[in-house]
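In: mind folding the following:
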Amino acid sequence: MTKTIWTTPKDRDRLREFLENPITQPDERERPHLRELAGELERAEVFEDAGEVPPDLITMRSRVRLANLSTGSELECTLVYPEESDASRARISVLAPLGTAMLGLRAGDTFEVRLPRGETQFRVEEILYQPEAAGDFHL
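Out: The predicted structure is shown next:
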C-alpha cells in the first residue's frame, strides 16, 4: 500500500516548474529520479493554506533527523532543491533517491530507498526545522 504524501502549493508548483524547465541540467545521477519525483507530485495531497501544514511534515527546506534502520545510525539533513544540494553540509537534493523518498512524509513514518549500497530502510525521527511551522513562508 502506498502512503499518502502531502505538500504545499508552493513546493508543488516550484517542483513542477523545475521538472518542466530545469534551471540547470540535472546531474547524471539525478536524471532517473525526475520520473519518480513527478510521480510523487502526481499522487500528493496538497494543503491549500501553507499555514495549515502540520509541523511534523517534511516539506522543501525542512531539516530532519532520520534513523537508518539498516545500520542503526542517524542522519541529520535538509531537503533542498537540486541547485542547493551540498553533500558536505547534508543538503540532500529532492532529486536524490533519499530526497525524493522523504518528501511529504511525517515524523514516525518509515520508508525504503534504493541507495548505491542497496535497499535501505529509514524512519523519520524528528522534524528539526520546517519553514511553514517557523512562519518562513517565503522560502
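In: now the lowest-mean-pLDDT helix or strand in the chain, how far from the chain's geometric center?
Out: Ranked by mean pLDDT, DSSP states H and E, the weakest helix or strand in the chain is helix 33-43, scoring a mean of 76. Centroid displacement of helix 33-43 relative to its chain, using C-alpha atoms, centre = their mean, to the nearest Å, is 11 Å.
In: and that helix, what does it pack against?
Out: helix 9-20, helix 97-102 (3 or more C-beta pairs under 8 Å, 6 or more residues apart in numbering; DSSP states H and E). For glycine as for every other residue, the C-beta is placed from the backbone atoms N, C-alpha and C.
In: got JSON lines for the ones you listed, with distance to Pro54 and mean neighbour count too?
Out: Shown next, in JSON lines, are these (distance: least, C-beta to C-beta, whole Å; neighbours: other C-beta atoms under 10 Å):
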{"stretch": "helix 9-20", "distance to Pro54": "14", "mean neighbour count": "16"}
{"stretch": "helix 97-102", "distance to Pro54": "15", "mean neighbour count": "22"}
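In: would you list those helices in TSV and tack on mean pLDDT and distance to Glu40?
Out: What follows is those, written out as TSV (pLDDT from 0 to 100; distance: least, C-beta to C-beta, whole Å):
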stretch	mean pLDDT	distance to Glu40
helix 9-20	83	9
helix 97-102	90	6
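In: now these as a markdown table including distance to Ser62?
Out: Listed next are the helices and strands packed on helix 33-43 as a markdown table, based on distance: least, C-beta to C-beta, whole Å:
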| stretch | distance to Ser62 |
| --- | --- |
| helix 9-20 | 10 |
| helix 97-102 | 9 |
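In: need the residues that contact the lengthiest strand in the chain.
Out: Using DSSP state E to define each element, the chain has its longest strand at strand 118-129. Strand 118-129 has contacts (C-beta atoms under 8 Å, 6 or more residues apart in numbering) with 55-58, 62-71, 74, 76, 78, 98, 101-102, 105-114, 133.
In: lovely, talk soon.
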